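1. structure, please.
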Amino acid sequence: MIGRKGKVLTAIVTGILAVSITGCGTTAANSAQAPGQKAGSGPVSLTEAGSTFVQPLLTKQVAKYQEENPNVKISVQGGGSGFGIAQLQKQLLDFGASDAFMSDADLAKAQGGKILELPIALGSVTISYNVPGLPQHIKISPDTLANIYLGKIANWDDPQIAKDNPGVKFPNLAIVPVHRAEGSGTTSIFTHYLASVSPEWASKVGKGISVNWPNPTGKVIGEKGNPGVAGAVKNTTGAIGYIELAYALENNIPYAYMHNKAGKWVLPSLEGAAADAAAFKIPEDMRVNIVNAPGDAAYPISGFSWALVYQKQTDKAKGEALVNFLKWDFTKGQAIAPSLQYVPLPDNLTQREIEMLKTITYNGQPLLK
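-> Below is the predicted model of the structure:
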C-alpha cells in the first residue's frame, strides 16, 4: 500500500474545480473557432461532467494538459456518473465520465448517435468508517458488509464483526450506513460487488448506478458525490461508507481490509486493483465489471472509469481538441495516476483505445491525425 496522504485533493473536496466554462462540443453553434480561423489553431473550450470517482485524477490531468496546451480549456464538473450519462445523452457535454458502463438502453437514448466508452482510470473503492477507538484498518467480511447495508447488523459490537477482529474492542454504537444519493458509478461498483457475494443482496436490492437502499433502522444517510459520502463518514460517529481510495487518504478516514475471493485479507491498493483488472478479458466495446476477481492480491471492490464520447462530432475544433486530449490522457497522462492511488492503464489497453479514437469523425473525416 502506498501511503500518500498529501493535500493534492483539497481543491476537489472543497468543490474548487477546474476553470468553469459554458457550452458543449456537440453543438456547432457553440464552437470556439472564429470565422476564417484554421481548425485547432485558436482557443477551444470543452466541458466534462460525471464521475466523482475519477474526478481527482481527471482534474490533475486536465491541469497538466492545459499547461502544455494553453489554447485548450477543459471544465471538470463532476456531479456523479448518472448525471454525466444523462447530460451526454442530451448532447449537453463534450464528454462524460462514468464508473458504470452505459447499458444498451442508455446507449439507445443518446441523441447524437453512437457513444464510445473508453477506460480512463482504474481504482479501488474503500469501505471507510468512523468509530472512536478502532484501529486504522479493521476486517470486514463480505457477509458482514452485505448484512450491514441490508440492516441486519445494526451495531458495531455485533458478534459477526467481532469474530473477524480478535482482540479489538468494539463499542456499543449504532452503525450509520452512508450511500450515494444520486446515480453513481461508485454505487455501481459497490452494488455489483455486494450482488456477487450475497445472494440475498442480489435478489432483494440488486445492482446498478441507483438502487432502493434498505433502511430498516432509519439511520441510513444518502449524500451526493464521493466528497459528500467522505464528509458524512468523517463527521458522523458510527458511520460506514464506500468511497474511492483517494478520498479516504486525503481525509484520513480509516478503511477496512476486505476478504477476497482467494480467501486473503487485503487492503485497497494499486496492486490489488491491477490484479482485479488483469483477471478479466476486456471486450471490444470495453464494457466490463471487474469486482471480486480471483487471485491472492486482488482487491475485490475495484473498477474502471470510462470517458464517454460521441463517435460523430458536430464541431471540428472541439472534436480535434477532444481526441488530442484523450490520446494524451491515455499516454502521458497515465503517469499522474499513481500519485493519487489510481492504477496506470496497461499499454495494450491504451493502444486499443487510441485505435478507437481514430474512428471519431467530423463530416466523415477522422479527427485524430
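2. list the contacts for the nearest residue to K281 once chain neighbours are set aside?
-> Take K281 and drop its neighbours on the chain: the residue closest to it by C-beta to C-beta, 6 or more residues apart in numbering is V288, 7.7 Å away. All C-beta atoms are positioned from the backbone trio N, CA, C, and that covers glycine. V288 is in contact with 101, 280-282, 304, counting by C-beta atoms under 8 Å, 6 or more residues apart in numbering.
3. separate out the buried members of those.
-> In the contacts of V288, burial by neighbour count holds for 101, 282, 304, counting by 16 or more other C-beta atoms under 10 Å.
4. specify which member of these is nearest to V197.
-> Nearest to V197 among those: F304, at 19.7 Å, using C-beta to C-beta.
5. am I right that the closest one is in contact with A121?
-> Yes - between F304 and A121 there is a contact at 6.9 Å, judged by C-beta atoms under 8 Å.
6. quick check on M258: phi, psi?
-> The phi/psi pair for M258 (degrees, to the nearest 10) reads phi -120, psi 150.
7. which residues sit in contact with the nearest residue to it once chain neighbours are set aside?
-> Excluding its sequence neighbours, the residue lying closest to M258 (C-beta to C-beta, 6+ apart) is P300, at 5.5 Å. Residues near P300 by C-beta under 8 Å, 6+ apart: 142, 193, 197, 258-261, 266, 276, 291-293.
8. how about the residue nearest to I127 when sequence neighbours are not counted, phi and psi?
-> Of all residues not flanking I127 in the chain, A256 sits nearest, at 4.5 Å (C-beta to C-beta, 6+ apart). The phi and psi torsions at A256 (degrees, to the nearest 10) take the values phi -100, psi 150.
9. give me the pLDDT for T27.
-> Looking at T27, its pLDDT reads 35.
10. what does the one 10 residues further on give?
-> Listed pLDDT for Q37 reads 33.
11. ok, longest strand in the chain?
-> strand 115-129 (DSSP state E).
12. all strands of the stretch 51-200 of the chain, in order?
-> Taking DSSP state E, counting those that start in this stretch as the test, the strands found in the stretch 51-200 of the chain are 72-79, 95-98, 115-129, 139-140, 176-180.
13. can you tell me how far the closest residue to N71 other than its chain neighbours is from I354?
-> Distances taken as C-beta to C-beta, 6+ apart place P43 nearest to N71, at 4.8 Å, with adjacent residues excluded. P43 is 25 Å from I354, where distance means C-beta to C-beta, to the nearest Å.
14. cool, R180 as well?
-> On the measure of C-beta to C-beta, R180 and I354 end up 32 Å apart.
15. can you pull out the strands in the stretch 251-369 of the chain?
-> In the stretch 251-369 of the chain, the strands defined using DSSP E, counting those that start in this stretch lie at 257-259, 265-266, 302-310, 312-313, 361-362, 365-366.
16. relative to the first one, what are the paired strands and their orientations?
-> Applying DSSP bridges to the sheet, strand 257-259 is found paired with strand 139-140 (parallel), strand 265-266 (antiparallel).
17. likewise the fifth one?
-> Looking at strand 361-362 with DSSP bridges, its paired strands and their directions are strand 312-313 (parallel), strand 365-366 (antiparallel).
18. quick one: contacts of that strand?
-> With C-beta under 8 Å, 6+ apart, strand 361-362 has contacts from 311-316, 319-320, 367.
19. measure how far it is from the centre of its chain, please.
-> Here strand 361-362 is found 28 Å from its chain centre; the criterion is C-alpha atoms, centre = their mean, to the nearest Å.
20. I'd like the average pLDDT over that strand.
-> 98.
21. which residue ranges form the helices in the stretch 201-350 of the chain?
-> For the stretch 201-350 of the chain, helices defined by DSSP state H, counting those that start in this stretch occupy the ranges 225-235, 245-250, 270-278, 316-330, 347-357.
22. ok, now how distant is the residue nearest to K281 from K139?
-> 28 Å.
23. end-to-end on stretch 293-303?
-> Stretch 293-303 has an end-to-end distance of 11 Å (C-alpha to C-alpha, to the nearest Å).
24. check stretch 347-367 too.
-> First residue to last in stretch 347-367 (C-alpha to C-alpha) measures 22 Å.
25. what residues of it count as buried?
-> For stretch 347-367, the neighbour count (16+ other C-beta under 10 Å) marks 349-350, 352-354, 356-357, 360-362, 367 as buried.
26. out of the contacts of P300, which is most surrounded?
-> D276 (29 neighbours; other C-beta atoms under 10 Å).
27. so who does that one touch?
-> Residues counted as contacts of D276 (C-beta under 8 Å, 6+ apart) are 290-291, 293, 295, 298-300, 302.
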